[in-house]
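Enquirer: need a 3D model of the sequence below.
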Amino acid sequence: MKYSFKNDYSEGAHPRILEALLKSNMEQQNGYGLDEFSLAAEKLIQEKLNNSVSRVYFVSGGTQANLIVISAILRPHESVVAAATGHIFTNESGAIESTGHKVHGVETGDGKLRCEDIQNVLDIHTNVPHQVKQKLVYISNSTEIGTQYSKTELEDLSEFCRKHKLYLFMDGARLGNALTSEHNDLALEDIGRLTDAFYVGGTKNGALIGEAIVINNPDLQAEFGFHIKQKGAMLAKGRLLGIQFHELLKDDLYFELAAHANMQAMRLKEAFRNIGCSFLAETYTNQIFPILNLGMIDKLSQNFDFYVWKKIGDGTSAIRIITSWATQEETVDKFIEEISALN
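Expert: Model prediction:
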């Protein structure tokens with residue numbers, strides 16, 4: 001059977017999470033996120049943010065988190081600005097549009113939005129009230145092509161958004177990978193200070209399911225729970241999410257798992273670099289996009305699964321390889337052997 005490098009959620013969950021779920025299984029707890037584990041997990045996130053004002057809501061998945069946050073924040077005539085590679089623009093089956101909100105996709109070379117990208121959208125939407133009004137900026141960290149925002153970049157975006165009365169929302173499906181990258185200079189506290197809302201992704205970093213939505217802007221908190229309930233995301237057994245995040249965050253297991261995934265990806269990146277490969281983007285998280293000829297891709301495909309991501313030309317394509325919290329060093333060793341044999 002081929003080993004899959006297609007995603008970082010093929011495995012179930014870290015054993016400690018399963019143990020915690022089993023250990024607490026027969027305990028009676030309050031429902032709908034009011035259990036002691038969810039409340040403790042919220043407190044842990046607040047402590048890491050150094051912000052007791054932020055509110056935390058646990059939901060089951062990333063698309064659900066994006067849909068609820070964006071539709072809760074925006075009025076009917078307001079829209080979202082995102083990179084064209086952004087998950088809400090390319091891979092959520094029109095979830096945001098289905099709530100009545102337009103998504104403006106901006107082409108960027110590295111998957112990251114910059115102030116000038118947003119300004120360009122604002123500049124062509126001045127015919128008020130005949131055009132939709134941009135009100136929210138959506139970014140991902142790490143991005144869908146594995147790049148990450150620096151502290152300066154996030155500060156610039158935050159300042160721009162506040163100047164133009166735009167909300168800033170960060171998709172954190174792979175936030176752990178961004179924050180543990182060797183090139184990262186952002187702290188969780190910075191994200192809490194610079195965004196109106198973000199979420200801590202669990203599904204792609206060791207949890208069975210689950211994302212922790214964090215609403216930093218007090219103006220957006222008051223009735224957010226109604227949106228969670230109305231969208232079907234308020235679980236009666238909310239404890240199942242709270243237990244997982246409590247286990248992941250109580251001693252920073254969350255960051256250990258993400259760092260492991262990054263390290264394995266960087267080992268593979270070095271192997272591809274050693275045979276002269278270039279890359280679609282320069283990444284330091286758990287996603288790499290080496291550019292190979294079709295013969296190389298066919299050889300590697302015999303024992304390993306991955307996506308052919310983008311045709312480059314002249315018989316070459318970029319492939320996407322993603323490592324996970326569960327990727328074994330021995331498996332990476334075998335993949336490196338096959339990569340080296342391509343030379």
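Enquirer: rest of the way, CA atoms for contacts and neighbours
Expert: Noted.
Enquirer: my guess is residue 246 contacts residue 43, does it?
Expert: No: with contacts counted by Cα atoms under 8 Å, residue 246 stays clear of residue 43, the gap being 9.4 Å.
Enquirer: and these two? Which one has more around it.
Expert: residue 246 (25 against 18; other Cα atoms under 10 Å).
Enquirer: in the chain, what secondary structure element scores lowest on mean pLDDT?
Expert: Using mean pLDDT, DSSP states H and E, the weakest-scoring helix or strand in the chain turns out to be strand 307-313, at a mean of 94.
Enquirer: following that one, which helix or strand comes up?
Expert: Going down the chain from strand 307-313, the next helix or strand is strand 316-322, by DSSP states H and E.
Enquirer: where along the protein do the strands fall?
Expert: Here the chain has its strands, by DSSP state E, at 3-4, 55-59, 78-83, 103-106, 133-140, 167-171, 197-201, 211-215, 287-288, 291-293, 304-305, 307-313, 316-322.
Enquirer: in its sheet, which strands sit next to the third one, and in what direction?
Expert: Think strand 78-83. Using DSSP bridges, the strands paired with strand 78-83 are strand 103-106 (parallel), strand 133-140 (parallel).
Enquirer: tell me which of those sits most buried.
Expert: Ranked by mean neighbour count, the strands paired with strand 78-83 are led by strand 133-140 with a mean of 24 (mean count of other Cα atoms under 10 Å).
Enquirer: correct me, but residue 288 touches residue 144?
Expert: No: look at residue 288 against residue 144 with Cα under 8 Å: they stay out of range, at 10.6 Å.
Enquirer: so which of the two has more stuff around it?
Expert: residue 288 (27 against 19).
Enquirer: quick one: that one from residue 137, how far?
Expert: Counting by Cα to Cα, to the nearest Å, the gap from residue 288 to residue 137 is 26 Å.
Enquirer: try residue 242
Expert: 28 Å.
Enquirer: now do the helices in the stretch 1-150 of the chain.
Expert: 15-23, 36-49, 62-73, 87-90, 115-123 (DSSP state H, counting those that start in this stretch).
Enquirer: closest one to residue 185 among the ones you listed?
Expert: Residue 185 lies closest, by Cα to Cα, to one member of the helices of the stretch 1-150 of the chain: helix 36-49, at 15.2 Å.
Enquirer: angle of that closest one against strand 211-215?
Expert: 60 degrees (axes from the mean of the first three to the mean of the last three Cα atoms, to 10 degrees).
Enquirer: hang on, the earlier thing: format the strands paired with strand 78-83 as TSV; extra columns: mean pLDDT and distance to residue 163.
Expert: Formatted as TSV, the strands paired with strand 78-83 follow (pLDDT from 0 to 100; distance: least, Cα to Cα, whole Å):
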stretch	mean pLDDT	distance to residue 163
strand 103-106	98	20
strand 133-140	98	12
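Enquirer: nearest to residue 157, out of the ones you listed?
Expert: Per Cα to Cα, nearest to residue 157 of the strands paired with strand 78-83: strand 133-140, 9.0 Å.
Enquirer: just the residues contacting the closest one, thanks.
Expert: With Cα atoms under 8 Å, 6 or more residues apart in numbering as the test, strand 133-140 has contacts from 70, 74, 77-83, 86, 112-113, 118, 122, 125, 161, 165-173.
Enquirer: and the angle from that strand to strand 167-171?
Expert: 30 degrees.
Enquirer: please tell me how far strand 133-140 is from the chain's geometric centre.
Expert: A distance of 16 Å separates the centroid of the chain from that of strand 133-140, by Cα atoms, centre = their mean, to the nearest Å.
Enquirer: for it, output the C-alpha coordinates as PDB.
Expert: C-alpha atoms of strand 133-140 as PDB (Å, rounded to 0.1, in the frame of the first residue of the first chain):
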ATOM      1  CA  LYS A 133     -18.900  46.900   0.000                       C
ATOM      2  CA  GLN A 134     -15.700  45.200   1.100                       C
ATOM      3  CA  LYS A 135     -15.700  44.700   4.800                       C
ATOM      4  CA  LEU A 136     -13.600  41.700   5.700                       C
ATOM      5  CA  VAL A 137     -10.100  40.500   4.800                       C
ATOM      6  CA  TYR A 138      -9.500  36.800   4.900                       C
ATOM      7  CA  ILE A 139      -6.000  35.400   5.200                       C
ATOM      8  CA  SER A 140      -4.600  31.900   6.000                       C
END
